[in-house]
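Colleague: After the sequence you'll find the predicted model.
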Amino acid sequence: MDIKIEIQEFIDKNKDEKRAELDRLSVSTKYEIQGIKTQLLQDCAKQLAKENVNIKDLPLDFHEEIILAGFVIAYKNYSFKEKEKDLKYLFKYIDNWYSCDLIASRLKNMESEHEFFEGLLFDDNPFVIRFAIIWMMKFMLKVDLKRTVCKLREVKNTTYYVQMALSTCYTEAFLYDFDYMYEFIETVPRTVVRNRALQKACVSTRITQEQKVLIKKLRSRLLGMEIL
């Protein structure tokens with residue numbers, strides 16, 4: 001069966017208008033949303049990966065088809081260089097935070113290719129930058145936290161979804177090395193990123209109450225306020 005017909009049948013069988021309506025509330029994209037569950041996209045992608053499909057043969061007309069293609073790249077057993085080539089091809093279609101986060105978080109066992117993702121931090125497309133940040137947060141913080149957060153500090157893009165990804169990553173880093181991040185966060189040049197990271201840390205259920213007290217004091221000092 002033609003791959004495009006196969007995927008169209010998959011879309012028709014699994015689309016859910018109620019779910020699509022909910023997705024449209026949080027995802028802004030130029031592509032039509034079909035409301036297909038992530039697990040179903042994963043299952044389909046794994047099968048396509050086994051069939052060794054070529055990414056460029058896949059239709060990329062719907063929001064979920066772009067995610068599906070990204071999942072295929074993640075699950076397909078082929079060289080890192082070929083994965084990188086396919087990612088660059090797919091980046092032209094990614095236009096929202098949701099696709100970035102879902103795809104990037106599934107690109108396992110590419111830690112040796114960290115320089116590829118670090119290079120994406122200086123791309124002109126904010127969603128490519130966010131993609132790199134999410135991947136680095138997911139896979140590099142545990143491997144080399146200090147290098148990772150220092151590389152992220154070099155990001156110049158100031159668009160909303162980039163800044164929110166940066167703040168989330170810095171918050172996550174507190175979990176791995178609180179003492180280092182407590183000192184490092186002061187060196188983050190953008191107040192909005194730094195403050196948002198500290199805000200998130202204050203409400204995180206994975207940070208201790210003792211640590212939260214220290215973070216609140218630091219945040220107040222950085223904002224020029226006093227804690228009563």
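Modeller: Good, I have the coordinates.
Colleague: which residues of the chain fall in helices?
Modeller: 3-14, 17-26, 38-50, 63-75, 80-91, 97-104, 114-120, 126-139, 141-152, 160-176, 178-184, 191-203, 209-222 (DSSP state H).
Colleague: helices or strands next to the fourth one in the packing?
Modeller: Read that as helix 63-75. helix 3-14, helix 38-50, helix 80-91, helix 97-104 (3 or more CB pairs under 8 Å, 6 or more residues apart in numbering; DSSP states H and E). For the C-beta atoms, the positions are set from N, CA and C on the backbone; glycine is no exception.
Colleague: Pop the domain breakdown of this protein in here.
Modeller: Domain assignment for the chain, taken from automatic domain parsing, gives 1-94, 143-228.
Colleague: would you turn the ones you listed into JSON lines with mean neighbour count and distance to Ala104?
Modeller: Formatted as JSON lines, the domains of the chain follow (neighbours: other CB atoms under 10 Å; distance: least, CB to CB, whole Å):
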{"stretch": "domain 1-94", "mean neighbour count": "16", "distance to Ala104": "8"}
{"stretch": "domain 143-228", "mean neighbour count": "16", "distance to Ala104": "10"}
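Colleague: Out of those domains, which gets the lowest mean score?
Modeller: The weakest mean pLDDT among those belongs to domain 143-228, with a mean of 92.
Colleague: any idea how far Val203 is from Lys18?
Modeller: Relative to Lys18, Val203 is positioned 30 Å away (CB to CB, to the nearest Å).
Colleague: wait, which of the helices of the chain is closest to Lys56?
Modeller: Smallest distance to Lys56 across the helices of the chain (CB to CB): 6.6 Å, for helix 80-91.
Colleague: between the closest one and helix 97-104, how big is the angle?
Modeller: 170 degrees (axes from the mean of the first three to the mean of the last three CA atoms, to 10 degrees).
Colleague: would TSV of the helices of the chain with distance to Asp57 be doable?
Modeller: Shown next, in TSV, are the helices of the chain (distance: least, CB to CB, whole Å):
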stretch	distance to Asp57
helix 3-14	5
helix 17-26	25
helix 38-50	10
helix 63-75	10
helix 80-91	11
helix 97-104	18
helix 114-120	24
helix 126-139	22
helix 141-152	34
helix 160-176	30
helix 178-184	44
helix 191-203	40
helix 209-222	49
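Colleague: now stretch 132-151, how far from the centre of its chain.
Modeller: Remark: stretch 132-151 is offset 12 Å from the chain centroid, using CA atoms, centre = their mean, to the nearest Å.
Colleague: ok, and what's touching that stretch?
Modeller: For stretch 132-151, contacts defined as CB atoms under 8 Å, 6 or more residues apart in numbering pick out 100-101, 104-105, 107-108, 110-111, 114, 117-118, 120-121, 123, 152, 155, 162, 165-166, 168-170, 172-173, 176-177, 180-181, 184.
Colleague: try stretch 15-29
Modeller: Stretch 15-29 has contacts (CB under 8 Å, 6+ apart) with Ile33, Gln34, Gly35, Ile36, Lys37, His63, Asp95, Asn96, Trp97, Tyr98, Ser99.
Colleague: try 7 Å this time
Modeller: Defining contact as CB atoms under 7 Å, 6 or more residues apart in numbering, one finds that stretch 15-29 is touched by Ile33, Gln34, Gly35, Ile36, His63, Asp95, Asn96, Tyr98.
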